[in-house]
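Novice: My questions are about this predicted structure, shown below with the sequence.
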Amino acid sequence: MRFKEVFKNHIKDNLFKYIFIVAVLAIGIFLGNYKSTALEGGVRGYLLELVDNYLDYSLHLEGNELFLKAFLNQAEMLLLIWFLGLTVIGFPLILAVVFFRGFSLGFTTGFLIHEKAGSGVIIALLSVLPQNLVYIPLFIFWAVTAFDFSLYILKGNQNQAMPLFRGIFVYTLLLLAVLFFLALGALIEAYLVPWFLSIVF
């Protein structure tokens, strides 16, 4: 019950930040999707080859190896956001990372759908959507948390609610908790997604 109240208060206190972060992410997704339709023939062919290689690679790679690869890929971005949250100029850079994440997601999904039509929709649903149902909420939560902490650093001595050292400690503990839940998304990507793809393709 206590956790539920804390989480509800967190959302309430940071509602505008959540709306702002989601809007930046959505703009990135939209522009990424738009850009995926404007590729030159040579680039399009190269990317199609990469997609086909990825599907073959995912179906034949060992689950443990794929889990580690998926987890590290996502953890790198969360660690980057963690570091940016520790800097006084972190919040605009965090927004840039959020935009890039949205752009890459929109580009990948849009490219699959536009280039592979019906099968592309299926591939996007099976290979992109499942793990991102975990990744994206965690990413948004962590971006807001880091954004908030960067503002806390910027305020400096004006904010006496929590000493800086304790604030960094709590901030880092939250990162570890987020990484723990991130592993769930990596498990989905490593084991569930290849199973889905093996059934369809």
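Specialist: Everything's here; your move.
Novice: Quick one: low-confidence residue ranges for the chain.
Specialist: 1-3, 39-63, 115-120, 156-162, 200-201 (pLDDT under 70).
Novice: let's go with 80 and repeat that
Specialist: Counting by pLDDT under 80, the chain contains low-confidence ranges at 1-7, 10, 36-63, 88, 111-112, 114-124, 126-127, 154-164, 194, 196-201.
Novice: can you give me the strands in it?
Specialist: Counting by DSSP state E, the chain forms no strands at all.
Novice: Enumerate every residue touching Ala75.
Specialist: Residues in contact with Ala75 (Cβ atoms under 8 Å, 6 or more residues apart in numbering) are 179, 182. For glycine as for every other residue, the C-beta is placed from the backbone atoms N, C-alpha and C.
Novice: Check the gap between it and Phe30 for me.
Specialist: Applying Cβ to Cβ, to the nearest Å, the value for Ala75 to Phe30 is 27 Å.
Novice: Next: Pro137.
Specialist: Taken as Cβ to Cβ, the span from Pro137 to Phe30 is 19 Å.
Novice: Also Phe169?
Specialist: Applying Cβ to Cβ to Phe169 and Phe30 gives a distance of 38 Å.
Novice: cool, and Val24?
Specialist: Taking Cβ to Cβ, one finds Val24 at 11 Å from Phe30.
Novice: Compare these two and say which is more crowded by neighbours.
Specialist: Val24 (20 against 14; other Cβ atoms under 10 Å).
Novice: so that one touches Phe99, yeah?
Specialist: Yes: using Cβ atoms under 8 Å, Val24 makes contact with Phe99 at a distance of 5.4 Å.
Novice: Find the residue closest to Trp142 in space, skipping its chain neighbours.
Specialist: Sequence neighbours aside, Val178 is the residue nearest to Trp142 in space, at 5.2 Å (criterion: Cβ to Cβ, 6 or more residues apart in numbering).
Novice: need the contact list for the one you found.
Specialist: Counted by Cβ under 8 Å, 6+ apart, Val178 has contacts 78, 138, 141-142.
Novice: Give the burial count for Ala70, as a bare number.
Specialist: 22.
Novice: Surely it is in contact with Ala186?
Specialist: Yes: in this structure Ala70 lies within contact range of Ala186 using Cβ under 8 Å: 4.2 Å.
Novice: Find residues that contact each of the two.
Specialist: Gln131.
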